[in-house]
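Asker: A structural model of the following input is requested.
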Amino acid sequence: MSRERILSTLHTSLASSRPWLEAEAAKVPHAPPPYVLPPADDLPAQFVAELTKLEGKPYLVASHTEALAIIARLLDERQARQLLAWDLDQLELPGLAALLTQRGITLLAPSVRGDTRQAQLQTLDLAPVCLSGVTCAIAESGSLALRHGPGRPRLASLLAPTHIAVVRADQIVRGLGDFFAYMHGAYGADIFTQTSNLTLISGPSRTADIEMTLSLGIHGPPELHVVLLMGAA
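Answerer: As a prediction, this is how the structure comes out:
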């Protein structure tokens with residue numbers, strides 16, 4: 001069955017079942033879930049502590065210049081010549097484009113559509129690093145929450161073995177319920193108008209087999225580096 005036919009079938013099914021789905025959704029309580037941990041006076045510190053427990057690597061910086069220096073070092077250590085990234089203007093990090101140009105790093109277009117999808121994936125697979133921003137960071141779990149869409153491709157946080165995320169301190173919320181409240185306030189019913197999903201990332205990708213042997217990087221990047229920008233200059 002072709003992709004177009006599958007999507008058409010799904011659209012038809014959703015259209016016919018929408019009234020029932022909306023009625024069922026209305027029955028569910030919409031109060032935010034309870035917090036997991038006691039209140040923290042310093043949400044960035046709590047986020048860093050929880051992220052570290054998950055084997056993520058946080059870097060607290062006070063300026064854009066310091067953030068660029070960390071990113072440059074991580075790219076150099078991995079001898080990166082290709083990079084998967086959000087559109088640079090979405091990262092709000094002045095000087096990033098110049099840094100990539102100085103190092104001769106090519107930005108790959110994270111597009112995997114059409115008949116050449118397999119060939120496109122093979123090209124993107126050459127990138128050792130992916131770079132993204134976040135929508136929010138969740139202090140209680142050390143998680144990154146990403147809303148994808150135009151200029152914010154999902155592959156730029158999932159495909160390469162090293163993921164670097166740029167986070168501002170004012171993007172940190174206490175718990176998961178706060179993240180969903182933010183999303184509802186920012187987008188209302190249009191959360192999924194330009195995207196099909198949200199991604200929650202809690203540390204490097206990991207999985208365990210039936211013998212509880214932990215492996216990193218099975219379903220995503222085995223390395224997660226978070227550049228946490230505490231200042232604005």
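Asker: quick check, residue 60 in a strand?
Answerer: Yes. According to DSSP: H, G, I helix; E, B strand; the rest coil, residue 60 belongs to a strand.
Asker: can you pull the pLDDT of it?
Answerer: The model reports residue 60 with a pLDDT of 97.
Asker: same question for the one 5 residues further on.
Answerer: As summarised for this prediction, residue 65 has a pLDDT of 95.
Asker: that one belongs to a helix?
Answerer: Yes. Residue 65 forms part of a helix when assessed by three-state DSSP.
Asker: I figured it hits residue 93, correct?
Answerer: No. When contacts are counted by Cβ atoms under 8 Å, residue 65 is not listed as touching residue 93 (10.3 Å). Quick note: C-beta positions are derived from backbone N, CA and C, even for glycine.
Asker: which one of those two has more residues nearby?
Answerer: Per other Cβ atoms under 10 Å, whichever of residue 65 and residue 93 has more neighbours is residue 93, with 20 against 12.
Asker: helix, strand or coil for that one?
Answerer: Three-state assignment for residue 93 (three-state DSSP): coil.
Asker: any idea how far residue 99 is from it?
Answerer: 9 Å (Cβ to Cβ, to the nearest Å).
Asker: now the helices for the chain?
Answerer: Per DSSP state H, the chain carries helices over the ranges 3-27, 43-53, 64-77, 88-91, 96-102, 117-124, 176-187.
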